[in-house]
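**Q** Show me the folded form of this:
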Amino acid sequence: MQPKKIMICDDDRGILEMLELFLELEGYNVICEINSTHLTKQLISHKPDLLLLDLWMPIISGDQLIKIIRSTPEIKEIPIIVLSASVDGPEIAGNLGANGFIAKPFDLTDITDKINSILKN
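**A** The predicted structure follows:
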């Protein structure tokens, strides 16, 4: 069985590297994108099983990206988990059609639990 592919988009290199290492140890195939302007193209070419997306990023923010993803036929079905320190994060994520929300700073067990429950459905 192929490992599930998870794409992470966050402008914080430390968070990207830590999540990449952790999720690879959990058995996932991980693709990282630090530049939000490249995300849509990357999603179309890699077709991940799930996207972990930061809300507040320079150039194109996570909320704008969700709108773009949800209106792009090839990638609109990709499950999205929003990562954010924003107090409005859960509401924003829900209103935009994200599949989950995890508050920063996050607990790694919360991330795997959320990923596993979304990928099972």
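**Q** nearest residue to the residue nearest the centre of the chain other than its sequence neighbours?
**A** For the chain, the residue lying nearest the average C-alpha position, counting by Cα atoms, centre = their mean, turns out to be residue 52 (1.3 Å). Distances taken as Cβ to Cβ, 6 or more residues apart in numbering place residue 8 nearest to residue 52, at 4.5 Å, with adjacent residues excluded. Backbone N, C-alpha and C define where each C-beta goes, glycine included.
**Q** Going by neighbour count, which residues in stretch 55-75 are buried?
**A** Neighbour-count burial for stretch 55-75, with 16 or more other Cβ atoms under 10 Å as criterion, is recorded at 55, 56, 57, 60, 61, 62, 63, 65, 66, 69, 75.
**Q** How about residue 4, nearest residue that isn't a chain neighbour?
**A** Nearest-residue entry for residue 4: residue 49, 4.4 Å, with adjacent residues in sequence omitted and distances by Cβ to Cβ, 6+ apart.
**Q** Tell me the pLDDT of that neighbour.
**A** Note for residue 49: predicted pLDDT of 98.
**Q** quick one on the thing from earlier: ok, which pair from the buried residues of stretch 55-75 is furthest apart?
**A** When the buried residues of stretch 55-75 are compared pair by pair using Cβ to Cβ, the farthest-apart members prove to be 56 and 75, with a separation of 21.4 Å.
**Q** Can you tell me how far residue 69 is from residue 110?
**A** 23 Å (Cβ to Cβ, to the nearest Å).
**Q** Ignore what I typed, I meant residue 33.
**A** Using Cβ to Cβ, which is the criterion applied here, residue 33 is 22 Å from residue 110.
**Q** again, but for residue 55
**A** 16 Å.
**Q** Equivalent analysis for residue 31, please.
**A** Relative to residue 110, residue 31 is positioned 21 Å away (criterion: Cβ to Cβ).
**Q** Counting neighbours around each, name which of those two comes out higher.
**A** Neighbours per residue, other Cβ atoms under 10 Å: of residue 31 and residue 110, the larger number sits with residue 31, 17 against 12.
**Q** any weak-confidence spans in this structure?
**A** Regions of the chain meeting the criterion pLDDT under 70 are absent.
**Q** Having no further points to raise, I will conclude here.
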